[in-house]
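Peer 1: Got a predicted model here, sequence first, then my questions.
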Amino acid sequence: MQPIDKPDEVLTERDPVAPAVTRAQRLKPGERRVHILQTLAAMLEAPKSEKITTAALAARLGVSEVALYRHFASKAQMFEGLVEFIEQTIFGLISQIAEKESSGVLQARAIALMLLNFPAKNPG
C-alpha cells in the first residue's frame, strides 16, 4: 500500500459524487479565538447583508456552532471578546506611540491620528 499525498483528491477520484466538505484549517491554540473575532468583525461590516447568528458565523468559519462555544460561553461573550480585542489593540498602539515620541504634543497628535484612522483600517 502506497502513502496518499492528497487524501481529498483520492476521495474524489473514487467517488465523484461525494459531497465537498469544507473544513476549517487547523489553527494553533488561541489562534482560533482570534479568527472567530476577526470573522465576527467582518460580518459586522455589512450587517444588512446577513443576520449575525452563531450559525452564520460558524458557517463562515467552516466549523460547527459547538466549536464556537469551546472558545466563548455565549454570543454575548463573543461580542465582549471583540470589544476587548479592540481595546487591547488600541492601547497597544498608544503604548508604541508613547515609546517612540518624546514630545507630549507629538504623542497627542499621533494618538489622535491613530484613533481617527483606526476605524477606516478596521471596519466593522
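Peer 2: Sure thing, it's come through.

Peer 1: OK, contacts around the residue nearest to the spatial centre of the chain?
Peer 2: When C-alpha atoms, centre = their mean is applied to the chain, the residue found nearest the centroid is Q38 (2.1 Å). If a contact means C-beta atoms under 8 Å, 6 or more residues apart in numbering, then Q38 has no contacts. Placement of C-beta: from N, CA and C, glycine included.

Peer 1: Can you give me the buried ones in the strand or helix carrying it?
Peer 2: Assigned by DSSP states H and E, Q38 falls within helix 31-45. Neighbour-count burial for helix 31-45, counted by 16 or more other C-beta atoms under 10 Å, picks out 32-33, 35-37, 39-40, 43.

Peer 1: same thing with stretch 50-59?
Peer 2: 54, 57-58.

Peer 1: How much space separates I86 from K121?
Peer 2: 12 Å (C-beta to C-beta, to the nearest Å).

Peer 1: what does F72 give?
Peer 2: Taken as C-beta to C-beta, the span from F72 to K121 is 25 Å.

Peer 1: For these two, work out which one has more neighbours and name it.
Peer 2: Taking neighbours as other C-beta atoms under 10 Å, F72 and K121 compare with F72 leading, 18 against 7.

Peer 1: can you map out the strands along the protein?
Peer 2: Read by DSSP state E, the chain holds no strands at all.
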